[in-house]
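1. my questions are about this predicted structure, shown below with the sequence.
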Amino acid sequence: MMKRDFISLKDFSSQELGNLLSLAKQLKHNPQQTADFLRGKSFALIFQKPSNRTRVSFETGIFQLGGNPIYLAPDDISLGKREPTADIAKTLSRYVNGIVARVFSHQDILDLAKFATVPVINGLSDLEHPCQAMADMFTIQENFSSFKGLKMAYIGDGNNMTNSLLIAAAKLGMNMSVATPKGYEANVDYVKSARECAVKSGAVITLTNSPQEAVNGAQVVYTDTWVSMGQEGETAKRLRDFAGYQVDEKLIGLAAKNCIFMHCLPAHRGQEVSETVIDGPYSVVFDEAENRLHMQKAVMIFLYTFKHL
Ligand code: CP
Ligand code: NVA
């Protein structure tokens, strides 16, 4: 029996991503329709790192679909330490109907998916954060009628968020300009893959070291932390290297008049974003956080209605 996992946006066609957006919209406006979708089903939520949004939106989403979420904290299951990841995946597959995992190494998610017989969902790895990126695309769609002709400026660290946003933007036809300091560029394989997808969708992907160039005329201005989970030891160096990359009033003044400001959260006011911007009128950060719930319900329904399952 074939199953689908939700590990990388690279694995999904533009049409499938569009279907996820439509489903999330339906779920947001009519949540009762699917209240029994996961009745009798359990999901294991394996977390190697802290979480507010991902954990709570998955637990709530599974509950709203009639299912049972089982949260496994870093010390409960000790992924990769207490027993082989393959044994964890095979064991959990005998109990639960799906696995959500937040891991340090993307390889751990790939291993879970390889050995699990139930769908595995990436709740953040060092390479991708696909649930967040799709919730963000949904938020952009709520604010602008179409992705075509829009420009997203991503300012800061070329990290897991950047990689997932690059693929999502390229597949859905939105232009994206990424401004990072030298040495903090997005993963080269993701840039290559995004550019290949962009040829088909007509999107333009640009990389620069200039935040001003990236933000110029953009309708969407996005940033993320300069110090991702697991990089805490590099904090002092990173704060020095990212000086000049803060999204503040002056920088966002170069964007389109109707621009929105986005951040996956948690945010650090005074570092990657000024207080006036994140708490200002163009900020949609809490809409993004809410949309995690609707998008993840859409992802779970999508994986269970996949035609081969
Ligand atoms: N954006 C996001 O994934 O938040 P958490 O780390 O709180 O889950
Ligand atoms: N890039 C951040 C995203 C947090 C949601 C991290 O990996 O910590």
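-> Done, it's in. Ligands and ions are numbered 1, 2, ... in the order given.

2. so what's T34 up against?
-> T34 sits next to 27, 64-65, 297, 301 when contact means Cβ atoms under 8 Å, 6 or more residues apart in numbering. Every C-beta, even on glycine, is put in place using the N, C-alpha and C of the backbone.

3. near ligand 1, which residues of this structure show up?
-> Contact residues (Cβ under 6 Å from any ligand atom) of the chain with ligand 1: 51-54, 124, 132, 264-266.

4. in this protein, where is pLDDT below threshold?
-> 1, 306-309 (pLDDT under 70).

5. mind listing what's buried in the biggest helix by length in it?
-> Counting residues, the longest helix found in the chain (DSSP state H) is helix 285-305. Using 16 or more other Cβ atoms under 10 Å as the test for burial, helix 285-305 gives 285, 287-304.

6. nearest to ligand 2: which residue in the stretch 51-200 of the chain?
-> Proximity to ligand 2, evaluated over the stretch 51-200 of the chain using Cβ to the nearest ligand atom, is greatest for N159 at 4.5 Å.

7. for the longest helix of the chain, enumerate the helices and strands it packs against.
-> helix 14-29, helix 53-64, strand 120-122, helix 130-143, strand 260-263 (3 or more Cβ pairs under 8 Å, 6 or more residues apart in numbering; DSSP states H and E).

8. do you know how far A89 is from ligand 1?
-> A89 sits 22 Å away from ligand 1, going by Cβ to the nearest ligand atom, to the nearest Å.

9. for Y304, same thing?
-> 23 Å.

10. gap between that residue and ligand 2?
-> 25 Å.

11. now the helices and strands packed on helix 285-305 in a markdown table, with mean neighbour count?
-> Formatted as a markdown table, the helices and strands packed on helix 285-305 follow (neighbours: other Cβ atoms under 10 Å):
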| stretch | mean neighbour count |
| --- | --- |
| helix 14-29 | 17 |
| helix 53-64 | 20 |
| strand 120-122 | 27 |
| helix 130-143 | 24 |
| strand 260-263 | 24 |
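
12. of all these, which lies closest to K81?
-> Evaluated over those, closeness to K81 peaks at strand 120-122, with 19.1 Å, by Cβ to Cβ.

13. which residues are contacting that closest one?
-> 5-8, 89, 98-101, 109, 112-113, 128-131, 296, 299-300, 303.
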